[in-house]
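> Below is the sequence, then the predicted model.
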Amino acid sequence: MNVSVLFFGQITDITHCSHTVLTDIADTDQLDERLHAAYPMLKQIKYVVTVDRKIIRENVVLLDNTEVALLPPFSGG
Amino acid sequence: MNVSVLFFGQITDITHCSHTVLTDIADTDQLDERLHAAYPMLKQIKYVVTVDRKIIRENVVLLDNTEVALLPPFSGG
Amino acid sequence: MQQIFCEGAISPVFIAEVIQKYSSDPTIGAYNIFIGQIRADTINQQIVSSIEYTAYKEMAIEKMHAIRSDIFTKYPMIEIEVHHSIGDVAAGEICLFVLVASAHRKAAMEACNEVVERVKSELPIWGKECFAEEGYQWKKNH
Amino acid sequence: MQQIFCEGAISPVFIAEVIQKYSSDPTIGAYNIFIGQIRADTINQQIVSSIEYTAYKEMAIEKMHAIRSDIFTKYPMIEIEVHHSIGDVAAGEICLFVLVASAHRKAAMEACNEVVERVKSELPIWGKECFAEEGYQWKKNH
């Protein structure tokens, strides 16, 4: 099972990449854990998580080929 | 003593001119009287009077070469 | 004193030139622009084909000067431009162009709104709505 | 679905073209336009020389579509256009252009204000403020 994870804005300063693919992730809580283990600095950043481009507020089960993204506060305009 | 009187907007439909010069007018009350005598339809129109381009609300004494104007409600834009 | 009257319709190209003029000012963060265009309204089954504008120009320019001063006192403004047509403007053409430039968005929006409001209610300008067939009526602002 | 992103700065000529495009529509009476321009702000004695914008484009386009629908439901609108830069935009250049066309002024002004507010707070776009000397900081919207 593959889950694409996209990184944006100041989060890319921590991840040093804009995109990664994780395997065998059951849900977004587990995804957060795995990312925090890989990038401890993420704990200090405010961000929201999207699943297939919708912002989620609770744990969501991830299916194959789901697109997840970590979005720091927006600053367009 | 000469007083220029300017007419604008729908008032020109009554006066059929944009400008007249009146002589021997003491003040704006007297001016109103003279204009109402010349153009009775003016009584049916809402307008403000300016003296040297300032809107007046009370009777004002007119001096030589004063510029008076009759302004119906504005409709720019 | 700034000239505010343009003979006939205001062109989009002129609007672009005004924006271009300020584009090199790196203290500007926000422009708010209002554009008024002649609508082909139907009034008593007659279609408005153009508006003919006349004005008490000297008074309008003096009054516009006072409005500018008020707005600069009230808001942190960088620039205000007001252009209004005189003479005939056909339906679908532009008759009013107000540009307000400021460092920040909120001031630009509020000031622009207030300038447009005051231009319409305080400048001695009159519009004569000419019908496509024949006749006219004097425009009323609400 | 409408494309909202422009590579680099938005030119005043492009803005004129958009206005021109609607100028023949005689149901339009008012346009309200907001233009955002990069300010050469000084932050900790460093001058901002440009902003580099990145976005989660697919999500931004979906979200913009939802905002458009909301605005069309809420206001009597004729058209809404939103254009936002992606990539580098230098100080003094334009990064955001919002145009709202309506029959009447009040709807155009209120809708434009709301669109700009929502574009800034709801579209997944990020600005990286690049300093003239060296370094950068991530832009914050208030």
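Thanks, I have the structure now.
> Sketch out the strands for chain A, chain order is fine.
Assigned strands in chain A, in chain order: A:2-7, A:19-23, A:48-51, A:54-56, A:66-71 (criterion: DSSP state E).
> closest point of chain A to chain D, which residue?
At 3.1 Å from chain D, residue A:76 is the closest residue in chain A, using CB to the nearest CB. Heads up, the C-betas are built off the backbone N, CA and C, glycines and all.
> what separates the one residue in chain A that gets nearest to chain B from chain C, distance-wise?
Proximity to chain B, evaluated over chain A using CB to the nearest CB, is greatest for residue A:77 at 28.5 Å. Residue A:77 sits 8 Å away from chain C, going by CB to the nearest CB, to the nearest Å.
> Which helix or strand contains residue C:106?
Using DSSP states H and E, residue C:106 sits in helix C:105-122.
> Quick one: work out the angle between that helix and helix D:105-122.
Orientation of helix C:105-122 against helix D:105-122 (axes from the mean of the first three to the mean of the last three CA atoms, to 10 degrees) gives an angle of 180 degrees.
> buried ones in helix C:105-122?
C:105, C:107-116, C:118-120, C:122 (16 or more other CB atoms under 10 Å in any protein chain shown).
> Closest one of those to chain A?
Nearest to chain A among these, with distances taken as CB to the nearest CB, is residue C:105, at 8.0 Å.
> nearest to residue C:27, of the strands of chain A?
strand A:66-71 (31.0 Å; CB to CB).
> who does the closest one pair up with?
Next to strand A:66-71 in the sheet, as set by DSSP bridges, lie strand A:2-7 (parallel), strand A:48-51 (antiparallel).
> So what angle separates the directions of that strand and strand A:19-23?
For strand A:66-71 against strand A:19-23, the angle by the same axes, to 10 degrees is 130 degrees.
> So which residues make contact with strand A:66-71?
A:3-9, A:11, A:28, A:31, A:35, A:42, A:47-53, A:55, A:62, D:56, D:59, D:124 (CB atoms under 8 Å, 6 or more residues apart in numbering or on different chains).
> how about it as PDB, C-alpha atoms only?
Backbone C-alpha positions of strand A:66-71 (Å, rounded to 0.1, in the frame of the first residue of the first chain) are rendered in PDB as follows:
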ATOM      1  CA  THR A  66      -4.200   8.300  -1.300                       C
ATOM      2  CA  GLU A  67      -2.600  11.800  -1.600                       C
ATOM      3  CA  VAL A  68      -1.800  13.300   1.800                       C
ATOM      4  CA  ALA A  69      -0.300  16.700   2.200                       C
ATOM      5  CA  LEU A  70       1.100  18.800   5.100                       C
ATOM      6  CA  LEU A  71       0.200  22.400   4.800                       C
END
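> report the longest strand in chain C, please.
Using DSSP E to define each element, chain C has its longest strand at strand C:77-90.
> Wondering if whichever helix or strand comes after that strand reaches chain A at all.
Next along the chain after strand C:77-90, taking DSSP H and E as the criterion, comes strand C:94-102. No. Judged by CB under 8 Å from any CB of the partner chain, strand C:94-102 stays clear of chain A, getting no closer than 14.4 Å.
> could you give the angle of strand C:94-102 to helix D:105-122?
Angle, strand C:94-102 to helix D:105-122, by the same axes, to 10 degrees: 40 degrees.
> packing partners for strand C:94-102?
helix C:12-22, strand C:30-37, strand C:77-90, helix C:105-122 (3 or more CB pairs under 8 Å, 6 or more residues apart in numbering or on different chains; DSSP states H and E).
> Can you give the contact residues for the first one?
Right, the one you point to is helix C:12-22. Residues contacting helix C:12-22 (CB under 8 Å, 6+ apart): C:6, C:28, C:31, C:33, C:35, C:78-79, C:81, C:83, C:94, C:97, C:99, C:101, D:12-13, D:15-17, D:19-20, D:23, D:35.
> residues in chain C within reach of chain A, list them.
Near chain A, when you scan chain C using CB under 8 Å from any CB, you find nothing.
> List the contacts of the residue nearest to the spatial centre of chain C.
Nearest to the mean C-alpha position of chain C, by CA atoms, centre = their mean, lies residue C:96 at 2.8 Å. By CB under 8 Å, 6+ apart, the contact set of residue C:96 is B:76, B:77, C:10, C:34, C:35, C:36, C:83, C:84, C:85, C:116, C:119.
> quick one, longest helix in chain A?
helix A:28-38 (DSSP state H).
> pull the CA atoms of that one into PDB?
Output in PDB follows, covering the C-alpha atoms of helix A:28-38 (Å, rounded to 0.1, in the frame of the first residue of the first chain):
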ATOM      1  CA  THR A  28      -3.300   9.700   9.400                       C
ATOM      2  CA  ASP A  29      -2.400   9.300  13.100                       C
ATOM      3  CA  GLN A  30       0.200   6.600  12.200                       C
ATOM      4  CA  LEU A  31       1.400   8.800   9.400                       C
ATOM      5  CA  ASP A  32       2.000  11.700  11.800                       C
ATOM      6  CA  GLU A  33       3.900   9.400  14.100                       C
ATOM      7  CA  ARG A  34       6.100   8.200  11.200                       C
ATOM      8  CA  LEU A  35       6.800  11.700  10.000                       C
ATOM      9  CA  HIS A  36       7.600  13.000  13.500                       C
ATOM     10  CA  ALA A  37      10.100  10.200  13.900                       C
ATOM     11  CA  ALA A  38      11.700  10.900  10.500                       C
END
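> Strand A:2-7 and that one, what's the angle between them?
Using the same axes, to 10 degrees: helix A:28-38 against strand A:2-7 is 60 degrees.
> which helices and strands does helix A:28-38 pack with?
Looks like helix A:28-38 contacts strand A:2-7, strand A:48-51, strand A:66-71 (3+ CB pairs under 8 Å, 6+ apart).
> how about it: buried residues?
By neighbour count on 16+ other CB under 10 Å, the buried set for helix A:28-38 is A:28, A:30, A:31, A:32, A:35.
> Pull the contacting residues for residue 74.
Here I'm looking at chain A. By CB under 8 Å, 6+ apart, the residues touching residue A:74 are D:120, D:121, D:122, D:123, D:124, D:125, D:126, D:141.
> Sorry, I should have been clearer: chain C.
C:111, C:114.
> Roughly how far does it sit from chain B?
21 Å.
> Same check on residue C:107?
Distance from residue C:107 to chain B, by CB to the nearest CB: 22 Å.
> Excluding residues flanking it in the chain, which one is nearest that residue?
residue C:75 (4.6 Å; CB to CB, 6 or more residues apart in numbering or on different chains).
> Same question for residue C:86.
residue C:5 (4.6 Å).
> For residue D:110, see how far away the closest residue to the residue nearest to the centre of chain C other than its chain neighbours is.
Distances taken as CB to CB, 6+ apart put residue C:36 closest to residue C:96, at 3.5 Å, once the chain neighbours are dropped. Look at residue C:36 and residue D:110: by CB to CB, to the nearest Å, they are 16 Å apart.
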